[in-house]
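**Q** Here's a sequence, model it:
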Amino acid sequence: MNLRIRDLREDHDKTQADLAEYLGCSQQTYSRYENGKVQPTPETLEKLALYFGTSVDYLLGLTDDPRPYPRKR
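**A** Down below sits the predicted model:
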């Protein structure tokens, strides 16, 4: 997962500080997510998936399809 969030962040021309601010954490914590030293909480994964317009499964490497799942009504 660490490579996916790094690649997505870079593809969106964002810095680690940008994503840390969005998530409400420190840049150091976000860096640890990207490096795989800390596992993001389910809530953090959901925020990242919404931000990047993808699914949590894609972030976790469980699928190679980046499209998000349909939202429940």
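**Q** Leaving out the residues flanking it, which one is nearest to Pro40?
**A** Using C-beta to C-beta, 6 or more residues apart in numbering and skipping residues adjacent in sequence, the residue nearest Pro40 is Tyr33, 5.1 Å away. Every residue, glycine included, has its C-beta placed from N, CA and C.
**Q** Next up, the contacts around that neighbour.
**A** Asn2, Ile5, Gln39, Pro40, Thr44 (C-beta atoms under 8 Å, 6 or more residues apart in numbering).
**Q** ditto for Asp57
**A** Thr63, Tyr69.
**Q** Output the helix or strand encompassing it as PDB, nothing but the C-alphas.
**A** Taking DSSP states H and E as the definition, one finds Asp57 inside helix 56-59. Extracted in PDB, the C-alpha atoms of helix 56-59 (Å, rounded to 0.1, in the frame of the first residue of the first chain):
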ATOM      1  CA  VAL A  56      -9.600   1.300  -0.100                       C
ATOM      2  CA  ASP A  57      -9.000  -2.100  -1.700                       C
ATOM      3  CA  TYR A  58      -6.900  -0.300  -4.400                       C
ATOM      4  CA  LEU A  59      -4.900   1.500  -1.700                       C
END
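**Q** roughly how far is it from the heart of the chain?
**A** 8 Å (C-alpha atoms, centre = their mean, to the nearest Å).
**Q** before we move on, the earlier item: which of the contacts of Tyr33 sits closest to Leu59?
**A** Using C-beta to C-beta, Ile5 is the member of the contacts of Tyr33 that sits closest to Leu59, with 6.2 Å.
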